[in-house]
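Novice: Show me the folded form of this:
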Amino acid sequence: MRIFISYANEDEGMAMRIYEDLRTNGHEPWIACRDILPGQDWEREIRRAIDGCRFFVAVLSTTSVRKTGYVQRELRMAVELIERMPPDRIFVIPVRLDNCQIPYERIRGRQWQDLFPSYDEGLKRVLQVLSLSDEAAPDTGSLQL
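Specialist: So this is what the prediction gives:
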C-alpha cells in the first residue's frame, strides 16, 4: 500500500520525518527526494507514483499553500483522482504543519490532521487511518500533465 507524500521544498525536513515514521510503522511511503533516482524523469516518476498510490499525504503549511509550482500541481492531480473515487473513500490525508488554510475545495472538505502542537499525537491519527484500509491501490487510470 504505497503512500505518496506531497510537500513544498521548504517543508522537506518535516516531510522526511513523516516518511521515516511511516516506514518505521511498516508502511511504504514514497517521497520524491528519496525515491527518484539520478537520471530519472522526475515529472514522469511523480505522476506514476501518484497514479499508483493508495493514499496521498498532503503536507501543508503557510509556505506551501502560498507557493506556486509543483506542489500545487501535485495537489491538483490528487483532486482529479478524488473526482474518480467513491465519496466515502479516504485518499487525500491533509496534514498541517501550522495553522494554514487548506487549499482546493475538494481537499478543504476533508478532515485534516494537525501535526502541531503535538507531532506524535497527529502521527498516531494518521497511522490510524492507514491501518483501517487494506484495499488495493485505486484503479485511477493515467493522469495527464
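
Novice: Wait, a strand at residue 58?
Specialist: Yes - secondary structure assignment places residue 58 in a strand (DSSP: H, G, I helix; E, B strand; the rest coil).

Novice: Look up the residues forming beta bridges with it.
Specialist: Judged by DSSP bridges, the bridge partners of residue 58 are residue 6, residue 94.

Novice: Which residue would you name as the spatial centre of this structure?
Specialist: In the chain, the centroid-proximal residue (Cα atoms, centre = their mean) is residue 57; its distance is 2.1 Å.

Novice: Now do the contacts for that one.
Specialist: Counting by Cβ atoms under 8 Å, 6 or more residues apart in numbering, residue 57 makes contact with 3, 4, 5, 6, 18, 29, 93, 95, 126. Heads up, the C-betas are built off the backbone N, CA and C, glycines and all.

Novice: And the fourth one, how far from residue 113?
Specialist: For residue 6, the distance to residue 113 equals 14 Å [Cβ to Cβ, to the nearest Å].

Novice: for the last one, same thing?
Specialist: Taking Cβ to Cβ as the measure, residue 126 falls 6 Å from residue 113.

Novice: and for these two, which residues touch both?
Specialist: Common contact partners of residue 126 and residue 113 (Cβ under 8 Å, 6+ apart): 93, 95.

Novice: The closest residue to residue 21 other than its chain neighbours sits in which helix or strand?
Specialist: Closest residue in space to residue 21, ignoring its immediate chain neighbours: residue 123 at 5.7 Å, by Cβ to Cβ, 6 or more residues apart in numbering. Secondary structure from DSSP states H and E places residue 123 in helix 119-132.

Novice: same thing with residue 33?
Specialist: Element membership for residue 33, per DSSP H and E: helix 32-35.

Novice: mind checking how far that helix is from the chain centre?
Specialist: A distance of 13 Å separates the centroid of the chain from that of helix 32-35, by Cα atoms, centre = their mean, to the nearest Å.

Novice: list the buried ones in the next helix or strand after that helix?
Specialist: Using DSSP H and E, the helix or strand that follows helix 32-35 in sequence is helix 42-52. By 16 or more other Cβ atoms under 10 Å, the buried positions in helix 42-52 come out as 46, 47, 49, 50, 51.
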